[in-house]
Structures are given as structure tokens and as C-alpha cells.
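J.: fold the following and give me the result.
(chains A and B)
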2 protein chains.
Amino acid sequence: MSKPRNDDAHLVETRIDSEDVFRGRLLHVKRDTIALPDGATTTREFIVHPGAAMIIPRLRDGKLLFERQFRYPHNRVFIEFPAGKIDDGEDPLAAAKRELLEETGYVAARWSFVTRIHPVVSYSDEHIDIYLADDLTFEKSDLDDGEFIETFTASLHEALGWVDEGKVSDVKTMLGILLLARRGAGR
Amino acid sequence: MSKPRNDDAHLVETRIDSEDVFRGRLLHVKRDTIALPDGATTTREFIVHPGAAMIIPRLRDGKLLFERQFRYPHNRVFIEFPAGKIDDGEDPLAAAKRELLEETGYVAARWSFVTRIHPVVSYSDEHIDIYLADDLTFEKSDLDDGEFIETFTASLHEALGWVDEGKVSDVKTMLGILLLARRGAGR
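T.: Residues are numbered from 1 along each chain as shown, chains lettered A, B, ... in the order given. Here you go, the predicted structure:
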């Protein structure tokens, strides 16, 4: 057992070759041939992802805006904060503003960056930038075609209870709730 | 804006067809044709994953045991709690015990289930079962062949600081730290 070190040479994997093994409508999978720290070679398969933005939307009364959305891989509905992929060349904050409007119909006057998280370090290069959105105004009520999302509001206290009970289990949403609570922002 | 409802019929997506589009050494990708709630059809691509177990290893002095591991998709080292995939037919707790020993050399006398999380609801069916492991004893010091992992210890207080600074950004590890703090277990 040793202390963390700045010199990571004994841990680093180096690319030898790279190929696209699947390019679908949503997923892009690469398989790279790599050299391990001891010089042996192996392969790494992973998803190439453009990154995403998540929004913690907080209404003027302090309540938080959540979504209920069906997630096909799990065959059930999850409680989530609004989020979405960053478009090609888009600024993460611009993506956050766009997704909040598209999915909930709200615009926010005040935005602040919370943190960047990595949901799947082993098989995707995805990162999610989390923003807190305040001073919300409702602007439109029509979802984009083919989006089936229900929105509802809850207090931070209620949301923390759902984390404790396992009723909220989507990692980005759990972290949004827990990090907001940690900021002592529980209005 | 409506309250959450038990009847999810207006959100549910139904499978029409399913095909394997990539089967690699690590990743298994499916593309299903589905019916949306309004009857329109589209496709969903996602990773089929066996599930994983993560361990929060707590030493007798209250310090937590972490790993530093190179994650190829991000081309850098991450600070993480020990974790790994569940083998075919394996019990999640058995997987947790196996991974803790394989990756750190420790065995624990006391185990408790913390919660189940879903890291990527949109494109993977992965879940991670989180366990707290107490009363650790060091048993062996040899990692499996081809595993390059460094271990080190830190207090919960230090770890919380790393979450706040963004030094820990792996979601499962962030949640392990934040949920442990929430349990008031900060010995």
C-alpha cells in the first residue's frame, strides 16, 4: 500500500492501434489495441461520447424540478434531473440551457457550474457537466416530437429521502441532490 | 406539470425486435426496434451489462481504502473504490468479497449493503450494488496478472474534500463517499 504519486508511468496504458467496431444512430464503439504498463498488449473496448450537461432546476419557492422518463435498457421509468448530450461544437452551458427548455419548457436567469462527473470510467469517455439553474420562468409547454417526459416538483428534503430509500438511483440525479444538500442550499 | 403517477402507460416503450450489433471481449451492444408511447417506431442501442459490485473498505482506524487506476477511455488515472463486474451466476456480495481481495488483498469480517445505483440509464442496463466492508484484515499482496492498481488510504474528511474539489469525479466513488458521510459514519 502506497501513497498516491504524481508519476503515473507504472499505471499508464499506451495506444498501439484503434478501430471503430460499431457506429450506430446513438452509440459509437471503438476497440483499441494497447500496451499495458509491463509492455504486454491487450485490447480496450469503449464508447466514444460527446459529453453531456445536467441541470438542477430550482424554482423561486426553492422546489426542484424533476422528470420522469422511461429508460428502455432498464424497462422502467426513472426520476431524473433534465440532461442531454452536447451537440457538436456546442458549449456545455449552452447545451444545459437548450436541454432545460426542450425538456421542461423553463428558462433560467441564473446559472452556476457545480462540477464535472464521469459516469462510466471503464467503458465510456462520457463526462457530465452539472449546472444549478435559478430564477426559472416557464416559457413553453410543448415537448419535442418523440420525447415523452413528465415533469414534477419536489423539495430538496423530499429528494434526499428518495436517495436514502433508493427511489432515486440514477447516479447523476443522486449526485445533483447530494451536492446541492452539501452546499447548504436547502431552502 | 403533473405529479408522478403509478400508471406509466403514457411513457412506456415496447420492444418489437432485438438484435446483437456488437459482441466484443468486454462490450455487448444490442439494437432493439421499439414502439414509442404514441405508436411510432424507433430504435434503441444499448450495452448489456451483467451488473457490478463496489466496496467501501473501512479500516479499523476509520480510514477508507482507495485505488488509483488508469482508465483508458479517459487516458488518465482515477481515484476509485474497489469494484468489478459480477461473474455469471455470482451473488453480488460474493462478487464484492472477491473483488476486494483480488484488487487490494484485504478481507472484511463485516459487510453491509448500502444501495443499488444505475450509472448510465440511457445506454446501458448496468447497475452497481454498493457494500460497506468493515473489520479489514490484510491477506495477500499480489494482484492478478495484468492488473495495475495502486491502493492508498484516506479519511472520510479528506475524501469529502476531494469530492468538493473535483479531484474525485468517478460517480460510484463520489456516491460511496457522500452516502457514507450521510450515514453519519464519519469516524
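J.: for chain A, give me the ranges with low pLDDT.
T.: Counting by pLDDT under 70, chain A contains low-confidence residues at A:1-6, A:142-146, A:185-187.
J.: helices of that one, start to end?
T.: Across chain A, reading from the start of the chain, the helices by DSSP state H fall at A:92-104, A:156-165, A:171-182.
J.: among those helices, which is the most enclosed?
T.: The densest packing among those, expressed as mean neighbour count by mean count of other CB atoms under 10 Å in any protein chain shown, is seen in helix A:171-182 with a mean of 23. Just so you know, the C-beta spots here come from the backbone N, C-alpha and C atoms, and that holds for glycine as well.
J.: buried ones in stretch A:55-65?
T.: A:55, A:56, A:57, A:58, A:59, A:63, A:64, A:65 (16 or more other CB atoms under 10 Å in any protein chain shown).
J.: quick one: end-to-end distance for that stretch.
T.: Between the opening and closing residues of stretch A:55-65 we find a distance of 9 Å, counting by CA to CA, to the nearest Å.
J.: tell me which residues touch residue A:175, please.
T.: With contact set as CB atoms under 8 Å, 6 or more residues apart in numbering or on different chains, residue A:175 has these partners: A:117, A:130, B:171, B:174, B:175, B:178.
J.: so who does the fourth one touch?
T.: For residue B:174, the set of contacting residues under the criterion of CB under 8 Å, 6+ apart consists of A:117, A:175, B:163, B:168.
J.: swap in the last one?
T.: Shown here is residue B:178, whose contacts under the criterion CB under 8 Å, 6+ apart are A:175, A:178, A:179, A:182, B:160, B:163.
J.: make a markdown table out of the helices of chain A and add distance to residue B:22.
T.: Output for the helices of chain A, formatted as a markdown table (distance: least, CB to CB, whole Å):
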| stretch | distance to residue B:22 |
| --- | --- |
| helix A:92-104 | 27 |
| helix A:156-165 | 34 |
| helix A:171-182 | 24 |
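J.: between the ones you listed, which gets nearest to residue A:78?
T.: Each of those has some distance to residue A:78 by CB to CB; the shortest is helix A:171-182, at 7.8 Å.
J.: what angle do the closest one and helix B:171-182 make?
T.: Using axes from the mean of the first three to the mean of the last three CA atoms, to 10 degrees, the interaxial angle of helix A:171-182 with respect to helix B:171-182 works out to 40 degrees.
J.: then helix A:171-182 to PDB, C-alphas only?
T.: Provided in PDB are the C-alpha atoms of helix A:171-182 (Å, rounded to 0.1, in the frame of the first residue of the first chain):
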ATOM      1  CA  VAL A 171     -26.300   8.500 -10.500                       C
ATOM      2  CA  LYS A 172     -26.300  12.000 -12.000                       C
ATOM      3  CA  THR A 173     -29.500  12.800 -10.200                       C
ATOM      4  CA  MET A 174     -28.400  11.300  -6.900                       C
ATOM      5  CA  LEU A 175     -25.200  13.500  -7.100                       C
ATOM      6  CA  GLY A 176     -27.200  16.600  -8.100                       C
ATOM      7  CA  ILE A 177     -29.300  16.200  -4.900                       C
ATOM      8  CA  LEU A 178     -26.400  15.200  -2.600                       C
ATOM      9  CA  LEU A 179     -24.100  18.000  -3.800                       C
ATOM     10  CA  LEU A 180     -26.900  20.600  -3.600                       C
ATOM     11  CA  ALA A 181     -27.600  19.500   0.000                       C
ATOM     12  CA  ARG A 182     -23.800  19.700   0.700                       C
END
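J.: what's the closest non-adjacent residue to the most centrally placed residue in chain A?
T.: Centroid-nearest residue in chain A, with CA atoms, centre = their mean: residue A:128, separated by 4.0 Å. When the adjacent residues along the chain are set aside, residue A:128 lies closest to residue A:52, with 4.6 Å between them (CB to CB, 6 or more residues apart in numbering or on different chains).
J.: list the contacts for that neighbour?
T.: Counted by CB under 8 Å, 6+ apart, residue A:52 has contacts A:83, A:84, A:85, A:86, A:95, A:126, A:127, A:128, A:129.
J.: thought residue A:28 was touching the third one, still the case?
T.: Looking back up the chat, that one is residue A:85. No - counting by CB atoms under 8 Å, no contact exists between residue A:85 and residue A:28, whose distance comes to 11.8 Å.
J.: shared neighbours, the two?
T.: Common contact partners of residue A:85 and residue A:28 (CB under 8 Å, 6+ apart): residue A:49.
J.: report the buried residues of stretch A:71-86.
T.: Taking 16+ other CB under 10 Å as the neighbour-count basis, stretch A:71-86 is seen to contain the buried residues A:71-74, A:77-86.
J.: show me how far that stretch is from its chain's centre.
T.: Using CA atoms, centre = their mean, to the nearest Å, the mean C-alpha position of stretch A:71-86 is found 10 Å from that of the whole chain.
J.: what's the answer for stretch A:123-135, then?
T.: Chain-centre distance of stretch A:123-135: 5 Å, with CA atoms, centre = their mean.
J.: would you mind extracting the C-alpha trace of it into PDB?
T.: The C-alpha atoms that make up stretch A:123-135 are tabulated as PDB, following Å, rounded to 0.1, in the frame of the first residue of the first chain:
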ATOM      1  CA  TYR A 123     -16.100   1.700 -20.800                       C
ATOM      2  CA  SER A 124     -17.100   5.200 -21.900                       C
ATOM      3  CA  ASP A 125     -15.300   8.500 -22.200                       C
ATOM      4  CA  GLU A 126     -18.500  10.400 -21.200                       C
ATOM      5  CA  HIS A 127     -18.400  13.300 -18.800                       C
ATOM      6  CA  ILE A 128     -21.400  15.200 -17.500                       C
ATOM      7  CA  ASP A 129     -21.200  18.900 -16.500                       C
ATOM      8  CA  ILE A 130     -23.700  19.700 -13.800                       C
ATOM      9  CA  TYR A 131     -25.200  23.200 -13.500                       C
ATOM     10  CA  LEU A 132     -27.500  24.800 -11.000                       C
ATOM     11  CA  ALA A 133     -30.300  26.900 -12.700                       C
ATOM     12  CA  ASP A 134     -32.100  29.500 -10.600                       C
ATOM     13  CA  ASP A 135     -34.800  32.100 -11.200                       C
END
